[in-house]
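Engineer: build me a model:
(3 chains)
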Amino acid sequence: MKLGIAYYPEHETASQWPIDYKKLRDAGIKRIRIAEFAWAVMEPNEGEYHWDWLDHSISLAAEFGLEVVLCTPTACPPIWLVERYPEVLPVNKLGKTIGFGARQHRSYSSPKYVEYSLKIVTKLAERYGEHANVVAWQLDNEFGGETKYDYGDCSKQAFHTFLAEKYGTIEQLNQRWGTVFWSQQYQRFNQIPLPAPLNADVMMWHHPSLELEFARFSSHVLVKFAQQQTEILRQYIGDRPITTNAFMFAYGDNIDWTKMFAGLDVLGMDIYSDKPHEIAFYSDACRSLLNKPFWMLEYGAGTSQLKRDLQIVRDRGCSQFFLFKTKPFPWGQEQARGGMELLSITGEPSPNYGVIQEYAEKYENELELTEVKPARIGMYYHFDSSWVYQTSVSDRLHYPDYLVHTIYKSLYASAESIDIIYSPEQIKEHDLLIIPLQVLYNEELEDRLIEYVKAGGKLVATTDLFRKNEDNVYLTAVPKIFKELFKWHKNNFVTDSILERKPVYLTEETGNGQAWLVARDSTLEEWQNLLGIIQKS
Amino acid sequence: MKLGIAYYPEHETASQWPIDYKKLRDAGIKRIRIAEFAWAVMEPNEGEYHWDWLDHSISLAAEFGLEVVLCTPTACPPIWLVERYPEVLPVNKLGKTIGFGARQHRSYSSPKYVEYSLKIVTKLAERYGEHANVVAWQLDNEFGGETKYDYGDCSKQAFHTFLAEKYGTIEQLNQRWGTVFWSQQYQRFNQIPLPAPLNADVMMWHHPSLELEFARFSSHVLVKFAQQQTEILRQYIGDRPITTNAFMFAYGDNIDWTKMFAGLDVLGMDIYSDKPHEIAFYSDACRSLLNKPFWMLEYGAGTSQLKRDLQIVRDRGCSQFFLFKTKPFPWGQEQARGGMELLSITGEPSPNYGVIQEYAEKYENELELTEVKPARIGMYYHFDSSWVYQTSVSDRLHYPDYLVHTIYKSLYASAESIDIIYSPEQIKEHDLLIIPLQVLYNEELEDRLIEYVKAGGKLVATTDLFRKNEDNVYLTAVPKIFKELFKWHKNNFVTDSILERKPVYLTEETGNGQAWLVARDSTLEEWQNLLGIIQKS
Amino acid sequence: MKLGIAYYPEHETASQWPIDYKKLRDAGIKRIRIAEFAWAVMEPNEGEYHWDWLDHSISLAAEFGLEVVLCTPTACPPIWLVERYPEVLPVNKLGKTIGFGARQHRSYSSPKYVEYSLKIVTKLAERYGEHANVVAWQLDNEFGGETKYDYGDCSKQAFHTFLAEKYGTIEQLNQRWGTVFWSQQYQRFNQIPLPAPLNADVMMWHHPSLELEFARFSSHVLVKFAQQQTEILRQYIGDRPITTNAFMFAYGDNIDWTKMFAGLDVLGMDIYSDKPHEIAFYSDACRSLLNKPFWMLEYGAGTSQLKRDLQIVRDRGCSQFFLFKTKPFPWGQEQARGGMELLSITGEPSPNYGVIQEYAEKYENELELTEVKPARIGMYYHFDSSWVYQTSVSDRLHYPDYLVHTIYKSLYASAESIDIIYSPEQIKEHDLLIIPLQVLYNEELEDRLIEYVKAGGKLVATTDLFRKNEDNVYLTAVPKIFKELFKWHKNNFVTDSILERKPVYLTEETGNGQAWLVARDSTLEEWQNLLGIIQKS
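Structural biologist: Take a look at the predicted model:
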């Protein structure tokens, strides 16, 4: 596992660079990740480019043995762009424009924002695409970080186009969503509102089918923007890998990772956590998606357990590990909050400097990751099902928290690593497959699960399994998996028929395998007991 | 007590109707309540009416012995109306327009909303007014449900007219309200703001006289709209009864029921509660107002105590009882949340199907309600006093909660039913009359109370009795009732003179009766003890 | 200590004045404070002045031995001004205009508001400046009370001017603030946003240097407006004293008192508290600032400890004590909430009437304050450091609460009075000087503190001492005071090097004095113990 770190040459005078680079090199750092917020330094006025500082800092890094991961700076549009085209600013769900003055003040659906972003990406790619010391590229910074959903006019128009492409006719949409409820039938796509608060005196909420589609759309525009940047970079950078730094699901898993990383070369991620099971979960989730080693692009723990955490991520398939960051910022929104800096604000080595140095020495000859032991257990993760629960008012659950902090945590002590499964075709020969909160029905998935159990697998699902169709509408007939795997022949759903609450509702041996249906709201302790028993069975 | 249920023909294919109707009939259901949200199905485009579905579903119902209560669909204006006249949308107190996408998105003060509403009501009345199977009419659905107060321009203009009619001159208003405080004098009625938040950095609030008038106005516009619909229906429906489904006071008792039901034939109400004393209170409140049997138009309890609750409402004067609803909705905002459906989402009988069936068989020969035992106790309910407390910032109390969950509850176990008294002229020969939180002074009421006690009645009031005049201004002299009933001759109000806190401040025998003045904030236990002692005395 | 009270002649008929004045005189009241909310009575329409009521009420007061403190009425602009120039209304941080309907609906940065305010002040000064019975003047009422920060256009323009005057060039501002962070560089002052919420989906906040400057600006505009009023009054009122009634820091200490009172003659204040240590703190803070007796302009305690509180403020330098208020208001926002009224709403003497009367008799011959005992202890209070903490998101502390309710309270039982020190030049020969939460560095202050300890003083600072420069940017080098007073020679800040938490980090004897560095978050008990030990040492 190779060590890297975030560095900000634009924050320093040029004379400071060699001083800092030397300290990084001496700690065992091999790569620096730079420039993700430097648009206004690169292009301080429209069309006026300043590259000297970047040329110099990249070349100088090479002299200290520091390879560069170069980031596109699109997360921070400069004041001149915002001033000339206020439409680049997104609007939040309360109808308030997200203003200039921090970061991520950009509407992914704004044609002008996209146009100017792709222009600076092109300029950057032209200049540094073949630079010998630029070894990889990161797109943007934490796509969808502070701005996940845009309720402005650009977004509304793009959403209408998205719906028209998906549903074809408004009659189809009315039919599938069930807008007959409360006279909500639309006559044209452009009448459909964005699901911003309805502002009623008594709590009132939007149509659940609208909510789910808007969540899908909001992921879609991020993915599309990443693809557009990627297409440009590919023209200039040869076979250098492209990644981006995805964020944890603490504020919602609003991007469908399977779509975001389908077009990228490496899965990259930022982790800020002091919980070992959480760090392990994301490591497993990162490795599993592309089924290959991943990069930790920002690591900044709250605790001082760096040594422990280096081991957790390495064991689960991390091949490059970037600390965030070299030293505390004296000014700005993230000023001197402390964390995982290598150096103090006065430039002195911090306690973690030694930890890094020690690690670097120990693994000097193993910079490339060797193999991760195959996992015996799989856990299904489905973004759309998660969004069903996160957008629901009457039946809200925090899907990511439940999967990470209840189910995954219940297995953490006993399992070395777990494969995260994102799609039916990824289902393979695990001993045990857990598919929690899979509320959305999918025929291919149903077939694969039946097949998996009949072939001898152990399957654990929760009681909400396959209650809704892909339009977020409840099924009115019981899917076949209940008959096939659970011998459930009634014409009611399990939870509509059995009223008593217990962790396990149904369990059946089927073919060579076995299947369990578990209460959706089982606790950590209940999962621990249950999965312990299942694994021994 | 006749049984009914909400049914939504527009949600189903026509082939489903006979299947569902048969199940309803077999359960003992005699009436269906339909069409309250079906405006967009009746009139999918402006002026284009679709009646076939309604013709057919009403006629078919007759074949299954199901009479129809037909609802006016004005609670859900269709998208075409909202798009053509955005002014039909109300504005909430934060200045945000209440958008299309749910229900109740209508300003009762918008001339266009009223015009189009009365037009669809007229069309409906013309077509079904004399239909043999349409036996009663319901206006709208839960007037003022999700939209209780409107802070938009239409509302503002209507409020100014309301004030001008009431006060005559702006000098009168300034004088009565005391706008000299903080230089708030107005020069013209159209300068008066609606009492939306003032948005100051430190909590600041509106003039209390303005707040009370706006509460009165907000009730007034609902009542007026109901009257307008009623006038139209009367022209077409012969002597069929008209009602509307009032809601509980959980979100505020924002409609003056005495005014709303003055022009209607039956008091109708929706109850969603699992508390027996609460169900009993509303049943008493419904029966007392028009002094005759009432209809439960939506009953949908959280618990499965249907059998118990049928008895509670029947004993207190309910003559028609409509469940909400036939089966769970697969889509839309109220999708599959479970409750009191007769059928499950797959169409199977739910546990309550049997309860209904059993009840229907037992009372087959007693569909018409017989007499309710006369109540020995009366409790005064005054909407204006309630609004004084609900709009107050410095002295806020939840009047309805206190009356229902403290005072009424303290009597529930021991009393069969209680009369709710809404106006001075309703005061009659009860053994005991409780008049809690009657903060607003009224001379006729004062005279009646004195008379009642002198004639031998027991009276219990709270310490805030008659502190303010009808303009929400504190009295500066002590009203005569304190002398007459409590022998209180000081020139201070009781609570300004006596500092120690105790449940009972003053008690006096006067003439043949007796009067108590009780601490305004006495607890449930204190009321139980006190009323126990009083009833035995 | 002379007794006074708030009276509102405009609230009464003229026939009521002699009745009330007599009751005030008989209680021992010598002064009335009038007219602070009476603009609309003085000028009911633009340019139309009504003075008769004021002439008469002031003259009549003289007949009852009641001197008048006359207030400028600028806190309540009348409806005609607001209607004609809506720009006089401020805008809150959510972008909502602060409406007419209460008080303090004025933007101090609005040229029209200032123009009309100075006009009514001029009229008032012309008419009453030399009136024999008008003995002092109060500016406005609680400047910045309900409206502390204005995010409207007038304010934005004024802020840009303020910044341009302070920083000279935009390059200077970019450099000093560190706007290079996240590409926040500005090209012109008028691009700088006001620090209203950014409205992002995930918590995001403004640049801390911007926040601090906006806090300074918001104090500046209040001070400037007070100066403008003062300049006018000086032309008409001879040597009568001018004051204003500053409010407690309960909602933030948003005005720099040192600047506000630099141009006034007396420090005046309003206290609403039932905590003796809090009343004592503000009394000390008032006396210390101008180093002379102060006036309590509104006293309205929640408790009935008036006798105790009269003693507390008298012992700490209060020379005039005004109760708030004569009797409860029947109408308006502050209707009948009870408190410290002399009379009840029916006009009867309240329990406190006797307390006042007794006090007045006891001190009849000592109306002028004699000397306050010199304090042995000083505590530093720095508005800018307070604002750093109050505007911080990642490191927020409530500076005023900590100083008042932790540090001052820990000393209250044992100290007779404490001097509050506001600036380096006020540091003098106390036995003990406490300088808590002094996060902002200032070279003169550093020199004075070193000098104070070397000269034999005891100094207690907290661990955040001198961490930031005046631009709210962290220092990157350790200031000399740590070497000089604490023998701290490392190149790290104390708290970056020592990880264990304890109340006292460092203590050193230096020259004849001694210095302590105490944990910033020490509790009340820890301060009590520590300061007890220090005082005995």
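Engineer: just give me the neighbour total for the nearest residue to A:Y402 once chain neighbours are set aside.
Structural biologist: Excluding the flanking residues, the one nearest A:Y402 by C-beta to C-beta, 6 or more residues apart in numbering or on different chains is A:L437, at 6.4 Å. C-beta here means a position set from N, CA and C on the backbone, and glycine is covered the same way. A:L437 has 25 neighbours, counted by other C-beta atoms under 10 Å in any protein chain shown.
Engineer: A:L437 touches A:D401, doesn't it?
Structural biologist: No: contact criterion C-beta atoms under 8 Å: A:L437 and A:D401 do not qualify, at 10.8 Å.
Engineer: sec struct for the residue nearest to A:Y402, please.
Structural biologist: In three-state terms, and counting by DSSP: H, G, I helix; E, B strand; the rest coil, A:L437 is coil.
Engineer: do you know how far it is from A:M379?
Structural biologist: Remark: distance between A:L437 and A:M379 (C-beta to C-beta, to the nearest Å) = 11 Å.
Engineer: still on that earlier bit, before we move on, what's the pLDDT of the residue nearest to A:Y402?
Structural biologist: In this model, A:L437 is scored at 98, pLDDT.
Engineer: can you check A:I498 too?
Structural biologist: 65.
Engineer: could you pull out the strands in chain A for me?
Structural biologist: A:2-6, A:31-34, A:67-71, A:134-139, A:242-246, A:268-271, A:294-299, A:318-323, A:377-380, A:418-421, A:432-435, A:458-462, A:504-510, A:513-518 (DSSP state E).
Engineer: by how many degrees do the fifth one and strand A:67-71 diverge?
Structural biologist: Orientation check (axes from the mean of the first three to the mean of the last three C-alpha atoms, to 10 degrees): strand A:242-246 against strand A:67-71 gives 70 degrees.
Engineer: next, the angle from strand A:242-246 to strand A:134-139.
Structural biologist: Using the same axes, to 10 degrees: strand A:242-246 against strand A:134-139 is 50 degrees.
Engineer: let's see strand A:242-246 as PDB, backbone CA atoms only.
Structural biologist: Extracted as PDB, the C-alpha positions of strand A:242-246 are listed here (Å, rounded to 0.1, in the frame of the first residue of the first chain):
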ATOM      1  CA  ILE A 242      -8.900   8.300 -13.500                       C
ATOM      2  CA  THR A 243     -10.800   8.200 -10.200                       C
ATOM      3  CA  THR A 244     -12.900  10.400  -8.000                       C
ATOM      4  CA  ASN A 245     -13.200  10.600  -4.200                       C
ATOM      5  CA  ALA A 246     -16.600   9.400  -3.200                       C
END
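Engineer: buried residues in it?
Structural biologist: Within strand A:242-246, the residues scored as buried using 16 or more other C-beta atoms under 10 Å in any protein chain shown are A:I242, A:T243, A:T244, A:N245, A:A246.
Engineer: residue numbers of the stretch 101-250 of chain A in contact with chain C?
Structural biologist: Applying C-beta under 8 Å from any C-beta of the partner chain, we find that the stretch 101-250 of chain A lies next to chain C at A:G101, A:A102, A:R103, A:Q104, A:H105, A:G145, A:E146, A:T147, A:K148, A:Y149.
Engineer: again, only this time at 7 Å
Structural biologist: Within the stretch 101-250 of chain A, the positions near chain C by C-beta under 7 Å from any C-beta of the partner chain are A:G101, A:A102, A:R103, A:Q104, A:G145, A:E146, A:T147, A:K148, A:Y149.
Engineer: using the record's assignment, carve chain A into domains.
Structural biologist: Each domain of chain A is listed here as a residue range: A:2-148+A:219-362, A:153-212, A:377-536, per automatic domain parsing.
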